[in-house]
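Undergrad: show me how the following folds:
(one chain, ligands or ions: 1)
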Amino acid sequence: MNLDELSRQKYGRSLAELDDATVYQLLMSVVSEKSAELPLNAGKKRLYYISAEFLIGKLLTNNLINLGLYDEAKQQLAEAGHDLNKVEENEVEPSLGNGGLGRLAACFIDSMATLGLPGDGVGLNYHFGLFHQKFVDNQQTTMPDGWLDREGWLRDENTSFTVEFGSFSVTSKLFSIDVLGYERPKKNRLRLFDLESIDDSLVPDNSIGFDKTELKKNLTLFLYPDDSDRNGQLLRVYQQYFMVSNAAQLIVKEAISRGCNLHDLAEYAVIQINDTHPTMVIPELIRILTEDHDIAFDEAVSIVRSMVAYTNHTILAEALEKWPLEFLEEVSPKIAAIIKKLDELTRAEFDDPAVQIIIDGKVHMAHLAIHYGYSINGVAALHTKILEESELKPFYDIYPEKFSNKTNGITFRRWLMGCNPELAVLLDTLLGTEWRHTGDVSGLLKFADDDEVLEQLAAIKDDAKQVMRDFLKFNQGAQVLDGSIVDVQVKRIHEYKRQQMLALYLIWKYLDIKNGNIPERPITVIFGGKAAPAYVIAQDIIHLILTLGEWIANDPDVAPYLQVIMIENYNVTAAERIIPAADISEQISLASKEASGTSNMKFMLNGAVTLCTIDGANVEIAELVGDDNIYTFGASSDEVVKLYADGSYNAHAYYLKPGIKLLVDFITNPQFMATGNAERLQRLHDDLTSKDWFMALLDLEEYIQEKELVYSDYEDRKLWLKKSLVNIAMAGKFSSDRTIAEYNDEIWHLQADK
Ligand code: 7GP
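TA: Residues are numbered from 1 along each chain as shown. Okay, here's the model as predicted:
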């Protein structure tokens with residue numbers, strides 16, 4: 001690859017003369033052409049990973065890495081005076097996902113391709129993501145997040161299916177994005193169904209509102225369209241059925257083309273459903289087999305039952321989908337009828353009302369998936385234990401053999417080689433390059449007392465902080481304090497993740513500094529995340545954080561020592577710039593509520609030390625790094641489960657503790673309130689003092705103590721760097737290559753292609 005020569009051929013100018021936008025176009029065409037040439041991973045049996053979300057992030061750097069062209073490209077660009085990071089700013093990040101489950105799906109398809117497993121991601125080609133977040137008056141506002149640019153990575157597969165709904169039918173159009181494996185000669189695809197009759201003009205320029213009843217024109221407009229009303233809920237069911245009907249038709253068509261006679265479909269295809277959104281693929285496949293291919297109902301049920309596996313990502317009740325049967329009857333009477341038959345079959349077999357599929361007129365999607373799939377897994381050891389022992393216990397009692405744990409993972413291509421190339425090079429120097437294929441970086445442990453290596457790690461962290469500073473400056477004009485410790489909580493805003501608890505700590509720290517206790521070094525606390533538009537308290541929490549940030553910045557006694565930054569429109573690109581720079585990883589969910597978390601793994605791999613509750617995958621991180629290299633606090637999962645069970649948590653009693661009351665009441669202190677939105681702040685205050693459903697006050701005192709310990713330990717430079725090193729060294733377990741190998745060995749049983 002000679003970029004200068006290509007530039008002269010294509011643009012009649014040298015590489016040095018191109019602007020960054022044109023360099024981007026050039027690189028993208030080089031990468032697209034190379035990936036187009038790669039054959040698909042092949043094999044008799046294929047996996048279809050169906051997911052409502054794929055939060056894939058920008059692809060240029062990732063694809064350069066996977067094609068083995070990254071170093072070359074970077075060097076040629078540098079020689080011509082270009083910086084790859086700057087060039088990449090010209091790429092629009094695809095908006096096909098929003099949170100943990102979507103990012104996990106993206107890491108998984110990367111690992112599947114890397115392991116040479118024949119299988120594709122299957123989802124929808126949303127024209128608009130969840131929303132573009134903007135802060136106005138210290139509040140979240142939502143703008144349409146259009147990202148589609150037909151010059152981008154999407155390829156038209158020239159494939160269409162008809163999807164029949166109750167009262168009309170539509171035609172789909174299949175696009176795909178190549179998914180490259182690390183230094184692999186073959187590829188997979190992310191296959192995204194769109195609607196032929198889609199109409200972007202339904203979406204106004206400055207709002208995410210649109211006509212939800214125009215189904216023929218809006219089905220693939222938005223990821224998770226607002227479902228606060230009946231039309232919105234119906235639209236989601238329409239979307240889900242559109243997704244799985246296309247997926248099922250594709251699966252059957254491709255299996256037949258590989259020689260399947262459909263009685264043996266399970267030998268040709270396996271389906272992993274990412275949470276319950278794609279559950280209707282079960283009745284849809286049964287429909288296709290019985291209606292279009294004359295297979296008897298009982299046989300169709302047993303075929304499908306041996307090829308669908310379900311992953312659960314949350315125990316939060318509001319996320320466990322239950323759709324009114326009447327919705328399904330409207331969307332697809334045929335699917336509703338099949339679900340009723342399946343429900344009758346389970347009723348005949350099991351008496352327990354808790355395990356039925358249709359309960360009080362609502363279809364419990366997880367129940368359908370467990371009865372009529374062959375596998376259900378949780379995403380971290382603790383999460384799986386909670387599923388087995390409490391949330392889904394009645395199902396575990398019936399089908400213990402279907403349950404298993406698959407602790408989540410992250411792709412090291414994006415979350416180390418791509419976002420922290422300096423650290424990757426240091427690992428190469430110390431360990432050789434084998435880790436790039438195995439994910440095993442444990443060899444680093446032998447350098448735990450090597451001052452030179454520790455100093456190199458420190459220098460890499462400083463450089464990453466500079467990248468982050470430039471990013472925040474460019475992105476939102478924020479100026480990070482010089483020499484500060486960087487303490488980060490980035491994830492969707494939700495009460496169970498307890499951003500509000502970190503905000504209360506900040507109030508404590510603010511008052512402490514006001515009292516003359518000046519920290520040893522400045523502290524920069526960074527938040528990032530979106531709040532669902534219908535989730536009022538989550539938006540109140542954003543408002544508190546932003547108001548507090550401004551309040552502190554305007555107080556000359558405190559501003560030099562403490563700073564709060566909230567990243568606007570946090571996304572994968574921002575994560576790639578922030579995570580390598582972090583010293584502290586905040587994983588402070590109420591124990592039992594965070595199924596796994598995956599940012600905890602990304603931070604660890606990049607040398608941040610975790611401050612956490614014993615929740616999700618934090619449990620496994622703690623086991624790996626040992627007590628000296630992690631900071632844990634707070635009530636245990638068992639204690640929390642008990643508090644919910646006996647209803648004995650009393651927020652007001654905690655509030656009345658003097659140390660806590662002072663902090664919570666700061667929110668409604670008249671001077672502070674005057675700088676913000678009184679209604680939002682009052683509501684948040686009242687919620688914390690009377691309800692506090694996710695128990696932020698329960699762990700607050702311990703949290704404050706532990707945070708102070710973290711900051712003071714940071715000052716022992718050598719001790720801290722050693723903790724950082726141990727965290728990196730022990731992160732190998734969290735490579736998504738390991739996770740996917742487990743899915744394959746224990747659930748999918750695919751033959752890797754050569
Ligand atoms: C998330 C979980 O909250 C997170 O703990 C986990 O790491 C991640 O899935 C991947 O397993 N869940 C979701 O994103 C989710 O439930 C529902 O979304 C729409």
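Undergrad: what sits against the residue of the stretch 601-750 of the chain found nearest the ligand?
TA: Taking CB to the nearest ligand atom, the ligand has its nearest neighbour within the stretch 601-750 of the chain at Gly616, 5.4 Å off. (Each C-beta comes from the backbone N, C-alpha and C, glycine too.) Contacts for Gly616 were tallied using CB atoms under 8 Å, 6 or more residues apart in numbering; they are Ala380, Leu382, His383, Gln587, Ser589, Glu594, Ala595, Ser596, Gly597, Asn600.
Undergrad: is stretch 686-703 anywhere near the ligand?
TA: No. Using CB under 6 Å from any ligand atom, we find that stretch 686-703 stays clear of the ligand, coming within 13.1 Å at best.
Undergrad: just the strands in the stretch 151-300 of the chain please.
TA: 155-156, 162-164, 169-180, 187-195, 269-274 (DSSP state E, counting those that start in this stretch).
Undergrad: make CSV out of these and add mean neighbour count.
TA: Shown next, in CSV, are those (neighbours: other CB atoms under 10 Å):
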stretch, mean neighbour count
strand 155-156, 13
strand 162-164, 16
strand 169-180, 20
strand 187-195, 24
strand 269-274, 25
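Undergrad: between those strands, which one is closest to the ligand.
TA: Ranking those by their distance to the ligand (criterion: CB to the nearest ligand atom) puts strand 269-274 first, at 8.6 Å.
Undergrad: so which of the contacts of Gly616 reach the ligand?
TA: Glu594, Ala595, Ser596, Gly597.
Undergrad: farthest pair in those?
TA: Greatest spatial distance in the ones next to the ligand among the contacts of Gly616: Ala595 and Gly597, 7.7 Å, computed using CB to CB.
Undergrad: circling back to that earlier point, what's the least confident stretch among the strands of the stretch 151-300 of the chain?
TA: Looking at those, the lowest mean pLDDT belongs to strand 155-156 (a mean of 94).
Undergrad: mind listing what that one pairs with, with the direction of each?
TA: Applying DSSP bridges, strand 155-156 is found paired with strand 169-180 (antiparallel).
Undergrad: next one: the strand it pairs with to chain centre, how far?
TA: Offset of strand 169-180 from its chain centre (CA atoms, centre = their mean, to the nearest Å): 22 Å.
Undergrad: extract the C-alpha trace of it and format it as PDB.
TA: Provided in PDB are the C-alpha atoms of strand 169-180 (Å, rounded to 0.1, in the frame of the first residue of the first chain):
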ATOM      1  CA  SER A 169     -47.100  -6.100   4.100                       C
ATOM      2  CA  VAL A 170     -43.800  -4.400   3.400                       C
ATOM      3  CA  THR A 171     -40.600  -5.200   1.400                       C
ATOM      4  CA  SER A 172     -37.300  -5.200   3.100                       C
ATOM      5  CA  LYS A 173     -33.800  -4.300   1.700                       C
ATOM      6  CA  LEU A 174     -30.700  -5.900   3.100                       C
ATOM      7  CA  PHE A 175     -27.500  -4.000   3.600                       C
ATOM      8  CA  SER A 176     -24.300  -5.300   5.200                       C
ATOM      9  CA  ILE A 177     -21.100  -4.100   6.700                       C
ATOM     10  CA  ASP A 178     -18.000  -6.300   6.400                       C
ATOM     11  CA  VAL A 179     -16.800  -7.600   9.800                       C
ATOM     12  CA  LEU A 180     -13.100  -8.400   9.600                       C
END
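Undergrad: let me know the angle separating that strand from strand 187-195.
TA: Orientation check (axes from the mean of the first three to the mean of the last three CA atoms, to 10 degrees): strand 169-180 against strand 187-195 gives 160 degrees.
Undergrad: how many neighbours does the spatially closest residue to Glu701 that is not a sequence neighbour have?
TA: Leaving aside its chain neighbours, Glu701 sits nearest to Gly659 (6.4 Å; criterion: CB to CB, 6 or more residues apart in numbering). Counted with other CB atoms under 10 Å, residues neighbouring Gly659 total 10.
Undergrad: what's the separation between Gly659 and Ile704?
TA: For Gly659, the distance to Ile704 (CB to CB, to the nearest Å) stands at 8 Å.
Undergrad: same deal with Met417?
TA: From Met417 to Ile704 the distance is 37 Å (CB to CB).
Undergrad: ok so, going back, how about the residue of the stretch 601-750 of the chain closest to the ligand: what's its closest non-neighbour residue?
TA: Once flanking residues are discounted, Gly616 sits nearest to Glu594: 3.9 Å by CB to CB, 6+ apart.
Undergrad: a helix runs through Glu550, doesn't it?
TA: Yes. Counting by DSSP: H, G, I helix; E, B strand; the rest coil, Glu550 is part of a helix.
Undergrad: counting neighbours, what do you get for it?
TA: 14.
Undergrad: now do the contacts for it.
TA: Glu550 sits next to Asn138, Thr675 when contact means CB under 8 Å, 6+ apart.
Undergrad: beta-bridge partners for Tyr49, please?
TA: Gly121, Gln272.
Undergrad: burial measure for it, as a count.
TA: Close neighbours of Tyr49, defined as other CB under 10 Å, add up to 28.
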